[in-house]
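# Provided below for reference: sequence and predicted model.
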Amino acid sequence: MATPKPKPRDPIPELVEALLVELGEDPDRQGLKATPDRVSRALRELTSGYGMKPEDVIADAIFDQDYDEMVLVKDIPFYSLCEHHMLPFFGHVHVGYLPKGKVVGLSKIPRLVEVFSRRLQIQEQLTREIAEALNSALTPRGVGVVIEARHLCIEMRGVETPGGRMITSCMLGTFRRDARTRGEFLDLVRRP
C-alpha cells in the first residue's frame, strides 16, 4: 500500500509574517501570532474562484424551456478584491437574459457571479466575464449585466472619497442592438 503524499506546505503564512516585519510589526506579539494563518485562509477563500469553472457551475442546471421573455435576477451581493491594490470592492450585480429555448436554474446565476468575483478583479472585467459566461452557456437572444460597487481602494487610500459608487454594464445580443430591450432591462434594474 502506497504512503499518501504529504500535503504541500502553504507558503502564504511565511510571506505574511515577512510582510508584518517589513511594516514594522512584531509577528510574535499576542494579537498577531495567528494572523499569518488567518490571512492565508482568508485569501484562499476570497480567491477560490480560480478553482471554479463557470461551465461546471451552470452545466447541470440548464433546462429546455419554451420561454422567451426577459429573466432578471437583481441585487446579487458580491465581494471581490481589486487586482491593483488587493483591497475589497463590493456591491450588487443585476443579471438579465432573453432565453432562446433554454433557461438556467435560478441559484446558478449568483454562483456564476461568485466564480468571477472570487478572483483578483477589476469591475469592468468582472461585468464582461459574467455576461460572456452566461451567453456562452445558454446562447440566449441577449444578456445584460449591471454592477454597482464601492471600492475601498478609492475610499481608504489615494483620493479617499468615501461612499462613491462605480456602475458598469455589459450588453450582448438583443440587449446591445435593441434600445427597447435595453431600456426595459435598465428600468427593471432601477425599480425598488
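That came through, no problem.

# longest helix anywhere in this protein?
In the chain, taking DSSP state H as the definition, the longest helix is helix 123-138.

# quick one: the residue nearest to the spatial centre of the chain from Gly183, how far?
Closest residue to the average C-alpha location of the chain: Ser117 at 1.6 Å, with CA atoms, centre = their mean. As judged by CB to CB, to the nearest Å, Ser117 and Gly183 stand 27 Å apart. Where C-beta positions appear, they are placed from N, C-alpha and C, glycine not excepted.

# how about the lowest-mean-pLDDT helix or strand in the chain: buried residues?
Within the chain, no helix or strand scores below helix 152-155, which has a mean of 92 by mean pLDDT, DSSP states H and E. Counting neighbours by 16 or more other CB atoms under 10 Å, one finds that the buried residues in helix 152-155 are 153-155.

# name the residues that touch it?
Here helix 152-155 makes contact (CB atoms under 8 Å, 6 or more residues apart in numbering) with 82, 84-85, 87-89, 160-164.

# what pairs with the following helix or strand past it, parallel or antiparallel?
Of the helices and strands lying after helix 152-155 in sequence (DSSP states H and E), the nearest is strand 166-173. According to DSSP bridges, strand 166-173 forms sheet pairs with strand 142-151 (antiparallel).

# re earlier: how far away from the center of its chain is the longest helix of the chain?
10 Å (CA atoms, centre = their mean, to the nearest Å).

# other SSEs contacting that helix?
Counting contacts by 3 or more CB pairs under 8 Å, 6 or more residues apart in numbering; DSSP states H and E, helix 123-138 is packed against helix 54-58, strand 88-98, strand 102-104, helix 108-117, strand 142-151, strand 166-173.

# for Ala179, find the nearest of these.
For Ala179, the closest of these is strand 166-173, at 10.4 Å, according to CB to CB.

# now the helices and strands packed on helix 123-138 in a markdown table, with distance to Arg29 and mean pLDDT?
Formatted as a markdown table, these follow (distance: least, CB to CB, whole Å; pLDDT from 0 to 100):
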| stretch | distance to Arg29 | mean pLDDT |
| --- | --- | --- |
| helix 54-58 | 42 | 94 |
| strand 88-98 | 25 | 98 |
| strand 102-104 | 50 | 97 |
| helix 108-117 | 34 | 97 |
| strand 142-151 | 31 | 98 |
| strand 166-173 | 37 | 98 |
